[in-house]
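Engineer: everything below, folded, please.
(one chain, ligands or ions: 1)
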Amino acid sequence: MSGIALSIKGLKVNYGSIEALKGIDMNVKQGQIVAILGSNGAGKTTTLRKISGVLEASGGTLEFLGHDITKMQSNKIAKLGIIQSPEGRQVFRDLTVEENLMTGAYTVKSKKTIQTNFERVYHYFPVLKDRKSQIASTLSGGEQQMLAIGRALMGSPKLLLLDEPSLGLAPLIVKSIFEIIKEIREDGTTVLIVEQNALQTLKIADYAYVLEVGKITMEGSAEELSNNPQLIEAYLGGK
Ligand code: ATP
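Structural biologist: I've put the predicted structure just below:
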C-alpha cells in the first residue's frame, strides 16, 4: 500500500510563452487520495491534462507504475489505467446514462469486466441505475457529475483523475459525492483530485499539494495542511 503509483519530477508545461507549470515535483502513493489545491489559473488542470497525456511537457519526467509516461500518447496512458473524469462534467448530452457509461469502457475488452464495472458504478450511484435510459442532458448537475465519475470508473482505473468534482454543486451534493470518492479509494482505486474547495477536499484526502501560479508552494498530509495557518488564511477563509 505504501508504493508510489505516480511520480512527477521537475515537470514544466508551456502554452506558447506562458509557463503554466514551472517545474513541479509530486508523488501519488498507491491507495491514497492525493489532492492538488489552488486557485483559478494555478495550473491544476494543466497538471492533470499532462498526466493523461493530452499535453507535451517542456521539461521533467512522469513515471506511472514503473512506466515512463513522459512522452506517451493518451490512449496508451489510459490503457495503463490512468483515467480522467474531466472538469465541467462534459458528459455526452444526447446519449443516455447507460450509453455514456459504455463510452467509458472503450479500453476494456472483457465483457465480464464491463458488467462488473457497471455494477460497481450503480452501487456507488444508484440514481444512475434508476435513470439509465434517461438522456444525460436531463440530469441534474450533481447527477451529471456522478455520471462523469462513473464513466471514468468504467475504464477500470488504477489511478482516477478528478478535475473539480465540486464545481457548481450545492454543498450537500458535494458532501455525498466526496463520500463516494472516499469509498472508491477504500475499494482500492488511487485518486488524484484537483479542487478549489480546499476545506471539503482536505477532509477526504490523505496528502495534498498547493499549487500557485505553476509552482508547488506547500505540501503535507491533509491533517498537517488543515492546521497550517498559511493555508487556513489563504484557502480556508481564516477558519
Ligand atoms: P482553473 O481552475 O481555472 O482551471 P487551473 O489551476 O486548473 O485553473 P490551468 O487551467 O491549468 O489552471 O491554467 C494554468 C495557466 O495556463 C493559466 O495561466 C491559464 O491561463 C493558462 N492556460 C491554460 N490553458 C491554456 C491554453 N489552452 N492556452 C493558453 N494558456 C492556457
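Engineer: run a quick neighbour tally on the closest residue in space to Met102 that isn't next to it in sequence.
Structural biologist: Excluding the flanking residues, the one nearest Met102 by CB to CB, 6 or more residues apart in numbering is Met154, at 7.3 Å. (C-beta placed from N, C-alpha, C; glycine too.) Using other CB atoms under 10 Å, Met154 has 23 other residues around it.
Engineer: Asn75 too?
Structural biologist: Neighbourhood size, Asn75 [other CB under 10 Å]: 10.
Engineer: quick one: it from Glu99, how far?
Structural biologist: With distances taken as CB to CB, to the nearest Å, Asn75 is found 21 Å from Glu99.
Engineer: contacts only, for the residue nearest the centre of the chain.
Structural biologist: Centroid-nearest residue in the chain, with CA atoms, centre = their mean: Leu162, separated by 1.8 Å. For Leu162, the contact set (CB atoms under 8 Å, 6 or more residues apart in numbering) comprises 84-85, 149, 152, 181, 191-194.
Engineer: narrow those residues to those in helices?
Structural biologist: 149, 152, 181 (DSSP state H).
Engineer: how about the contacts made by the closest residue to Ile135 other than its chain neighbours?
Structural biologist: Spatial nearest neighbour of Ile135, excluding adjacent residues (CB to CB, 6+ apart): Thr96 at 5.9 Å. Residues in contact with Thr96 (CB under 8 Å, 6+ apart) are 132-136.
Engineer: hmm, 10 Å instead?
Structural biologist: Thr96 makes contacts with 102, 131-136, 138, as judged by CB atoms under 10 Å, 6 or more residues apart in numbering.
Engineer: what's the answer for Gly31, then?
Structural biologist: Taking CB under 10 Å, 6+ apart as the criterion, Gly31 is in contact with 1-3, 5, 185-186, 188-191, 206.
Engineer: where does it land in three-state SS?
Structural biologist: Assigned with DSSP: H, G, I helix; E, B strand; the rest coil, Gly31 falls in the coil class.
Engineer: which pLDDT value belongs to it?
Structural biologist: We have a pLDDT of 97 for Gly31.
Engineer: would you list the phi and psi of it?
Structural biologist: phi 80, psi 0 (degrees, to the nearest 10).
Engineer: ok, now how distant is it from the ligand?
Structural biologist: Per CB to the nearest ligand atom, to the nearest Å, Gly31 is found 25 Å from the ligand.
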